[in-house]
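Enquirer: need coordinates for the following:
(chains A and B)
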Number of protein chains: 2
Amino acid sequence: MQKTVEIELDDVLTLANNVLTHAGYDSAHASSIAQMLYTCQLDDCQSHGLFRLLMCIETIKAGKIDGQITPVISDAGKAIVKADARGGMSLLAMEKAVPLLIEKTREFGIAAVAINHCFHFSALWPEVERLSQEGFAAMTMVPSHSWVAPAGGTRGTLGTNPLAFSWPRQGGAPFTFDFATSAFARGEIELYKRAGKPLPDGVAIDKYGKPTNDPDAAMEGAMLTFGSYKGSALSIMIELLAGPLIDDLTSLESMEFAEGKSGAPYHGQILLAFDLGQFSNGELARNDARAERLFADITEQGARLPSQRRFAARARNLERGYVEISVGLYEDLQALLP
Amino acid sequence: MQKTVEIELDDVLTLANNVLTHAGYDSAHASSIAQMLYTCQLDDCQSHGLFRLLMCIETIKAGKIDGQITPVISDAGKAIVKADARGGMSLLAMEKAVPLLIEKTREFGIAAVAINHCFHFSALWPEVERLSQEGFAAMTMVPSHSWVAPAGGTRGTLGTNPLAFSWPRQGGAPFTFDFATSAFARGEIELYKRAGKPLPDGVAIDKYGKPTNDPDAAMEGAMLTFGSYKGSALSIMIELLAGPLIDDLTSLESMEFAEGKSGAPYHGQILLAFDLGQFSNGELARNDARAERLFADITEQGARLPSQRRFAARARNLERGYVEISVGLYEDLQALLP
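Expert: Reported below is the predicted structural model:
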């Protein structure tokens, strides 16, 4: 069992803010990033919690991000909110775009945010969950770097291209999922490598385009999408909607832009919000009951709804007032403080 | 090799129209259905071409559909078009909703159609491809009947819940896909059964919730989604967006509504359209080039884009002026003529 350090909830935000501002993010960026890390850490989402501070620091060291830039939100009177992150991290742009998105979703029934020119490192589920608090269903997607081969292909072209979705439930926490369209997350391959374990079949190909179970060969080759040609088609859709649709980079272009440097990838993000009241002609109670019956039919047969583990962790951590991170991460973060 | 009959292109529409009007569909419904069957047949999409006339006839014999009803399209000034099919087939409602959808997509940048109270039997790709002819990206989804178990489950809860997407390409036919979120289509299991072949792993469970390779046991049990828990999450999203969001039935409810009768399921449909011009700030050429580079990178490595076989069949059938259907289907259809 890995040794852990307990951090009180308020201290999570303080720690994140201090690390970020010391590294060169201004207080507005630091605050939006810290809030995202807090939200993930609270749910024991270790891979996207405080651990991601390391990537935020790496990103600023790589020299391309602007940690001080103010995003520009523009409103052309349409159901689309444009948020130009201007080379900063995505989160402040999203934070500033959300109020207008909410207004537009209420006005038009459906609306979208297109974030451009942003560095992106974060989980997507907090952003769609946030909109379910407003009574909206929401969907978001981003490209990444071209580490993933299309079905039938031999080399990386697609990103890990996550898709997140959230549905508001009148009785409690929303139905939310957030998954990479690659079979594995890149970090999972790293974990197999460190553990000296072979990868399962269907996860990766080597640099010659042949199936491989070797984590090293996989890192030199490409990952595969989940679900064969269907997952591959979905991943291509995400490239298109979160890239060329919104005048921003594909995963191929984002990888080139990085010039081999690590850190968060630079690209765009699209988010769609749906107003349940307008789509359902105001029949919220009837349709909430309908959705609940669906969820109940799933859980009654012993299947799990996505995010249930996360919600349980949140309840426990809020109750006890602290989260746990590994000693190794804690020490790494202490070294980044002033 | 199965024996086939050649049918001239004009005769496909005439045959379909005659079968449909003789069975009790009025000319407006017959025409919209015939157009859909023609579009699929032209692309050698045998499972959704003239073959589906049999299901249209079965549906009207089951006694619940109204073959003469006029759909009502309503416009609340929002980015949502409501199309009430009033217990008729979906296609006429979609046909009548599309002009307003196009107008709204041009006006707001993003817009949706929610079709309610419709019987639905058709492929989804022709509807999204149609919108790509207007320069839009489009996405559509429908529930079906609860034949599909969620990941980790033991019985059917979800529909085969297809997702279709289309992206307009300035140089030619769009990028389009249309796939069921079940691992197999229901008809594929029937084909394995007829061929006396065992199903692959991961396609179905028996009525006790155990994995099975036996097509009979699968038909009594449930199908599985593609892509394990990710495919399952996607399928649940489709239930929600094409069901409770738009005040219409889930696959469970649709199955109950059918009361054991066969024919097309009764439920709703949602379709989203995205105006590339507005999302991309008018940068159409730059982003078309971006998307084309992505497609080229996929095909250059020997991977296939979805729908390429279909587009090749279309070109060939348009050139030669006829399509081919099996002798068996031809004879079945002749028996349905006056």
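
Enquirer: when you work out contacts or count neighbours from here on, use the C-alpha atoms and nothing else.
Expert: Will do.

Enquirer: wait, what's in contact with the spatially most central residue of chain A?
Expert: Closest to where the C-alpha atoms of chain A average out (C-alpha atoms, centre = their mean) is residue A:123, at 2.4 Å. With contact taken as C-alpha atoms under 8 Å, 6 or more residues apart in numbering or on different chains, residue A:123 is in contact with A:40, A:48, A:178.

Enquirer: at 7 Å what do you get?
Expert: residue A:48 (C-alpha atoms under 7 Å, 6 or more residues apart in numbering or on different chains).

Enquirer: how close does it get to residue B:323?
Expert: 49 Å (C-alpha to C-alpha, to the nearest Å).

Enquirer: what of residue A:309?
Expert: Going from residue A:309 to residue B:323 by C-alpha to C-alpha gives 53 Å.

Enquirer: the lengthiest helix in chain A: how far from the chain's middle?
Expert: Looking across chain A with DSSP state H, the single longest helix is helix A:90-108. Distance, stretch centre to chain centre, for helix A:90-108: 17 Å (C-alpha atoms, centre = their mean, to the nearest Å).

Enquirer: list the helices and strands that helix packs on?
Expert: Secondary-structure packing of helix A:90-108 (3 or more C-alpha pairs under 7 Å, 6 or more residues apart in numbering or on different chains; DSSP states H and E): helix A:27-42, strand A:80-84, strand A:110-119, strand A:266-275.

Enquirer: coming back round to it: give me the more crowded residue out of residue A:309 and residue B:323.
Expert: residue B:323 (23 against 13; other C-alpha atoms under 10 Å in any protein chain shown).

Enquirer: for residue A:176, give me phi and psi.
Expert: Backbone torsions of residue A:176, given as degrees, to the nearest 10, read phi -140, psi 140.

Enquirer: can you check residue A:204 too?
Expert: Residue A:204 adopts backbone torsions of phi -150, psi 160, taken as degrees, to the nearest 10.

Enquirer: look up which residues are beta-bridged to it.
Expert: residue A:212, residue A:223 (DSSP bridges).

Enquirer: which residue, other than its chain neighbours, is closest to residue A:184?
Expert: Spatially, and ignoring its direct neighbours in sequence, residue A:184 is nearest to residue A:203 (6.4 Å; C-alpha to C-alpha, 6 or more residues apart in numbering or on different chains).

Enquirer: try residue A:318
Expert: Closest to residue A:318 by C-alpha to C-alpha, 6+ apart is residue A:42, at 7.5 Å.

Enquirer: check what pLDDT residue A:262 gets.
Expert: Residue A:262 is assigned a predicted lDDT (pLDDT) of 89.

Enquirer: before we move on, back to that, how much space between the residue nearest to the centre of chain A and chain B?
Expert: Separation of residue A:123 from chain B (C-alpha to the nearest C-alpha, to the nearest Å) stands at 16 Å.

Enquirer: pull the residues that contact stretch A:171-178.
Expert: In contact with stretch A:171-178 (C-alpha under 7 Å, 6+ apart) are residues A:124-125, A:129, A:132, A:162-169, A:306-307, B:233.

Enquirer: and if you look at stretch A:307-314?
Expert: Counting by C-alpha under 7 Å, 6+ apart, A:42-44, A:176-177 sit against stretch A:307-314.

Enquirer: returning to that earlier point: in TSV: the helices and strands packed on helix A:90-108, plus distance to residue A:61 and mean pLDDT.
Expert: Formatted as TSV, the helices and strands packed on helix A:90-108 follow (distance: least, C-alpha to C-alpha, whole Å; pLDDT from 0 to 100):
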stretch	distance to residue A:61	mean pLDDT
helix A:27-42	15	98
strand A:80-84	22	98
strand A:110-119	13	98
strand A:266-275	14	98
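
Enquirer: make TSV out of these and add mean neighbour count.
Expert: Output for the helices and strands packed on helix A:90-108, formatted as TSV (neighbours: other C-alpha atoms under 10 Å in any protein chain shown):
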stretch	mean neighbour count
helix A:27-42	23
strand A:80-84	25
strand A:110-119	28
strand A:266-275	27
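
Enquirer: any chance of those in CSV, plus distance to residue B:210?
Expert: Formatted as CSV, the helices and strands packed on helix A:90-108 follow (distance: least, C-alpha to C-alpha, whole Å):
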stretch, distance to residue B:210
helix A:27-42, 36
strand A:80-84, 47
strand A:110-119, 41
strand A:266-275, 37
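
Enquirer: can you pull the residues of the stretch 101-250 of chain A lying near chain B?
Expert: A:108-111, A:150-154, A:157, A:177, A:179, A:226-227, A:230, A:233, A:240, A:244-247 (C-alpha under 7 Å from any C-alpha of the partner chain).

Enquirer: rerun that using 6 Å as the cut-off
Expert: Residues of the stretch 101-250 of chain A lying close to chain B (C-alpha under 6 Å from any C-alpha of the partner chain) are A:108, A:152-153, A:226-227, A:244-247.

Enquirer: pLDDT at the residue nearest to the centre of chain A, what is it?
Expert: 96.

Enquirer: what helix or strand is it on?
Expert: Here residue A:123 sits in a region with no helix or strand, counting by DSSP states H and E.

Enquirer: where does it fall, phi/psi-wise?
Expert: Dihedral angles for residue A:123 - degrees, to the nearest 10 - are phi -60, psi 150.

Enquirer: over to residue A:285?
Expert: Torsion angles, degrees, to the nearest 10, at residue A:285: phi -60, psi -50.

Enquirer: and it, what pLDDT?
Expert: pLDDT, read off for residue A:285, is 97.

Enquirer: neighbours of it, how many?
Expert: By other C-alpha under 10 Å, neighbour count at residue A:285 equals 13.
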